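[1] give me coordinates for this.
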Amino acid sequence: MSSRRIIIGDVHGQYDALLQLMEAIAPQEKEPVYFLGDLIDRGPNSAQVVELVRQHRYRCLLGNHEQMLLEVLGSQRMMGEMLPAWLYSGGHATLASYNHKIPQDHIDWLKTLPLYLDLGDIWLVHAGVYPHLPLEEQDATHFCWIRDQFHSMPEPFFSDKLIITGHTITFTFPEVSPGQLVAGAGWLDIDTGAYHPHSNWLTGLDITNRLVYQVNTKDKTRRKFDLEDITTSINPAEVYNKRVQPTP
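    Alright, predicted model coming up:
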């Protein structure tokens, strides 16, 4: 087996499942591990997830949930729109995991997270890219939040790179079952809804050997697939107006 590059989907505070997933993947010291963002919110142990990623010096992207937290912390309007929106999106669980006091070293680390990582043949980003703008004209609004405009692209954004994302739970795509990955025009989505009761799958991808590792955050089931055996390719034209709402 070749030396691996490991990519982990949205964890959302599911620390115990993350430990099991890392045990199943068992990355070696020199094998890079990348997280696609959204380490925090919704699940019960965001603080522990952040500390694990920090201590192991794994690379991690900025997700929309980290962006919301940083905006709340940097806002002079703490009781305005930002705080309620973040709390509604799972921030209550994050604050509880920190005993309502987020340490400065965690805040400083979150501020260093990049919006994307270019690994040559693959390009990692939390949500996607806006298909009608060059990269240098895009920002966190696109890289951390975009959905339908990216997923409905008829042609790949890059001619020589696969974009790998999280952010959008895969079962929300038309005719995709919980736990499956989703492929479109030049992109692959590996957010399988670790926090969501309709799925509960946390996913790790060995892109080098095209292997998918999953742990169920509810019943702790583990499983492993060839990438092709668990990936559904979608028709970009069917994305609009057909996405299932992932409300728990």
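
[2] residue 131 falls within a strand, correct?
    No: Residue 131: not assigned to a strand; according to DSSP: H, G, I helix; E, B strand; the rest coil it is coil.

[3] poorly predicted segments of the chain, please.
    Applying pLDDT under 70 to the chain flags the ranges 1-2, 75-80, 247-248.

[4] what segments of it are helices?
    Using DSSP state H, the helices of the chain run over residues 15-25, 46-55, 64-74, 82-86, 92-97, 104-111, 140-145, 148-151.

[5] contacts for stretch 111-128 next, please.
    Identification of contacts with stretch 111-128 by CB atoms under 8 Å, 6 or more residues apart in numbering yields 5, 7, 34, 36-38, 59-64, 66, 70, 139-140, 142-147, 150-151, 158, 160-168, 187, 207. The C-beta positions use only the backbone N, C-alpha and C, and glycine is treated the same way.

[6] what subset of these is buried?
    5, 7, 34, 36-38, 60-64, 66, 70, 140, 142-144, 146, 150-151, 161-168, 187, 207 (16 or more other CB atoms under 10 Å).

[7] among those, which ones are in strands?
    Among the buried ones among the contacts of stretch 111-128, the members found in strands (DSSP state E) are 7, 34, 60, 162, 163, 164, 165, 187.

[8] who are the neighbours in contact with the second one?
    In other words, residue 34. Per CB under 8 Å, 6+ apart, neighbours of residue 34: 5, 6, 7, 8, 58, 59, 60, 61, 117, 124.

[9] ok, so of those residues, who is nearest residue 201?
    Distance to residue 201 across these (CB to CB) is lowest for residue 8, with 12.4 Å.

[10] identify the bridge partners of the closest one.
    Assessed by DSSP bridges, residue 8 has beta-bridge partners residue 35, residue 204.

[11] relative to residue 14, which of the ones in strands among the buried ones among the contacts of stretch 111-128 is nearest.
    residue 60 (15.1 Å).
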